[in-house]
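Novice: I would like to see how this sequence folds:
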Amino acid sequence: MTTKNMEKDNNLSAHRTRSFQAIIVDGYRLYGQNFWRLLRASWVQAVIYALVVGASMTCFFTYLLPKMASHQALMPELAVWIASFVAYIVVAYIFACAGAIAPLREHWHTDAISKPRRWWGRWPWRITLRGITVLPRMLWQTIRRGRLWTLIAVALVAIFVALVASVIFELPAVILATANIEAAADLAAGDVPDMPENIWLINLATFTVCAFLQAYIHLSTLFPLYYARKMKNEE
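Specialist: Numbering: from 1, shown residues only. Presented below is the predicted three-dimensional model:
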């Protein structure tokens, strides 16, 4: 973003009534204008996140679900799936710190998001570790100021937008998951499921690619929330 465009955006923001709609629009506009910088800052974490999600979903649909349908022992597969779910939570948080929390912290102080210097992006370990305690404190401050309902309203809109985008961009994963569930139902009924032998590879590839797209769809929800807090702080 050029200095001239930044000044223009700041002037528009300064003279605009800070309504609920303005918070939503400004949040998504900030995300859209800086998307490629955010992508460069967090693409490594997004790939790791996608691989973890893809492996977790593959484990569930290829190995865990068929055994559940045929009433077999689940402990080894269940333990792996639980471990992958814990890894998903950790990796998702690290990705959010690199792709949104660290850039938004920079924007809070400078009104700009800088381009990462290295091709492997940002690894803001200090912010990642501090965020475990800082984020709950920020939420508590929002509640004390009586702005919780505004934050909830913005969050609901952002989640709805993310759900609509997820349905569109993750349709292949939804179709594949449905096919896996139908195959498990056939197995439970005593029929032979009509699935290819390399279904695990199809599951892994599909869920991994869709998880990468999902990562940046979900990341966008943090930007309207950021503006909701920023505008209330300026008031």
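
Novice: How is the one residue sitting closest to the centre of the chain assigned, secondary-structure-wise?
Specialist: For the chain, residue 218 is the residue whose C-alpha lies nearest the centre (CA atoms, centre = their mean; 3.2 Å). Following DSSP: H, G, I helix; E, B strand; the rest coil, residue 218 is assigned to helix.

Novice: Name the residues that touch whatever helix or strand residue 32 lives in?
Specialist: In the assignment (DSSP states H and E), residue 32 maps to helix 20-33. Residues outside helix 20-33 that contact it (CB atoms under 8 Å, 6 or more residues apart in numbering): 1, 13, 16, 38, 107, 150, 153-154, 157-158, 161, 219-220, 223-228, 231. C-beta here means a position set from N, CA and C on the backbone, and glycine is covered the same way.

Novice: Narrow these to those that are buried.
Specialist: 13, 38, 107, 150, 154, 157-158, 161, 219-220, 223-228, 231 (16 or more other CB atoms under 10 Å).

Novice: buried ones in the longest helix along the chain?
Specialist: What stands out as the longest helix in the chain, according to DSSP state H, is helix 35-58. By 16+ other CB under 10 Å, the buried positions in helix 35-58 come out as 37-38, 40-46, 48-58.

Novice: And stretch 93-108, by the same measure?
Specialist: 93-107.

Novice: which one of the residues you listed is nearest residue 208?
Specialist: residue 95 (14.3 Å; CB to CB).

Novice: With adjacent residues omitted, what lies nearest to that closest one?
Specialist: Nearest non-adjacent residue to residue 95, counting by CB to CB, 6 or more residues apart in numbering: residue 45, 4.0 Å away.

Novice: try residue 176
Specialist: Residue 176's closest residue in space is residue 206 (CB to CB, 6+ apart), at 5.1 Å.
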